[in-house]
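1. Coordinates only, no sequence provided:
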């Protein structure tokens, strides 16, 4: 069984570069190398594959390397390519990946699961009537890696809204999702598997001198991480059950991370499901102190579950192998 690990330049920061190109670092290769090393340690044949602008070149590389399954696809374009050519891959499919945050929230609402009320604005001059409770929170409708998120995204007064919407619609080039800002504890719940998904320990994200998880706060590992988060058994059960229901109604596959806010009323409100969640289990800097690779939230969860990087990454891969019904060529026993 040979796995090809995709990597694509700027995959985690391409949106933020439209705002602060001088304040981002690209950890795409280091992230992919983490996954490659983990799979090699687990006994898999694996290789790194750089996503090319011309998909035909990528297809030629996959054939040349005799790849059985792709790991680390990270965009709608890559998923569509793999689907078109019938190439097995790890992760959620074309039914989920292209959906924006609002569409996912609508599915969650339809299934009677809690999420903040919201509206969508196309531009700063056409903001719909806001029948929501302030404060509000505005974010790119298809944002990634906290791109475009700063403390000014929390909106306390109506007159502040156009400026934030303009930042999102003009600078990032996306519609703005405007939702009620729920005050409470920010958490994220990683889940791995498909037929029998495993809910990992809950991560709570504490803020270090900021009011929300901004791009710099998140990508430069400035958060205060609590994992496992301190909840009672009943609270933990409620949170994990809600996360698992969301994972299933959105038809997530193999791995995903569900971001939530625990309101002061104890309700876990769904914010977003990340189909390309970070899986790295360490944070690294170079000799100058600059960031080289960002620590993934699911990596914290895997550590708290007692998993090594090889166990964590290979378990995710094996979910995809099982889902496709692929035979394991080197007859390694799959981790249950």
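-> Received, thanks. What you are looking at is a predicted structure, and each value in this text was computed from that prediction instead of being measured. Numbers count the residues shown, from 1 in each chain.

2. shaky segments in the stretch 201-336 of the chain?
-> Counting by pLDDT under 70, the stretch 201-336 of the chain has low-confidence residues at 208-222, 284-292, 327-336.

3. Do a quick rundown of the strands in it.
-> Along the stretch 201-336 of the chain, the segments classed as strands by DSSP state E, counting those that start in this stretch run 203-206, 224-226, 254-263, 268-274, 284-285, 291-293.

4. ok and the third one relative to strand 268-274, angle-wise?
-> It refers to strand 254-263. Compare the direction of strand 254-263 with that of strand 268-274 by axes from the mean of the first three to the mean of the last three C-alpha atoms, to 10 degrees and you get 150 degrees.

5. what are the ranges of the helices in the stretch 151-300 of the chain?
-> In order along the chain, the stretch 151-300 of the chain carries the following helices (DSSP state H, counting those that start in this stretch): 161-166, 215-219, 233-249, 297-304.

6. Only the buried residues of whichever strand or helix holds residue 37, if you could.
-> Element membership of residue 37 [criterion: DSSP states H and E] is helix 28-41. With burial defined by 16 or more other C-beta atoms under 10 Å, the residues of helix 28-41 counted as buried are 28, 29, 30, 31, 32, 33, 34, 35, 36, 38, 39. Any C-beta I mention is one placed from the backbone N, CA and C, and that applies to glycine too.

7. Which of those lies at the shortest distance from residue 182?
-> Distances from the buried residues of helix 28-41 to residue 182 were compared by C-beta to C-beta; the smallest belongs to residue 31, at 30.3 Å.

8. want to try JSON lines for the helices of the stretch 151-300 of the chain, with distance to residue 65 and mean neighbour count as columns?
-> Output for those, formatted as JSON lines (distance: least, C-beta to C-beta, whole Å; neighbours: other C-beta atoms under 10 Å):
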{"stretch": "helix 161-166", "distance to residue 65": "45", "mean neighbour count": "18"}
{"stretch": "helix 215-219", "distance to residue 65": "31", "mean neighbour count": "20"}
{"stretch": "helix 233-249", "distance to residue 65": "32", "mean neighbour count": "17"}
{"stretch": "helix 297-304", "distance to residue 65": "27", "mean neighbour count": "24"}
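
9. Could you pull up the contacting residues of the closest residue to residue 80 other than its chain neighbours?
-> Excluding the flanking residues, the one nearest residue 80 by C-beta to C-beta, 6 or more residues apart in numbering is residue 94, at 6.2 Å. Residue 94 sits next to 76, 79, 80, 83 when contact means C-beta atoms under 8 Å, 6 or more residues apart in numbering.

10. Could you pick out the buried ones from those?
-> Burial by neighbour count, 16+ other C-beta under 10 Å: within these this picks out residue 79.

11. Return the subset of the contacts of residue 94 lying in helices.
-> Applying DSSP state H to the contacts of residue 94, the entries found in helices are 76, 79, 80, 83.
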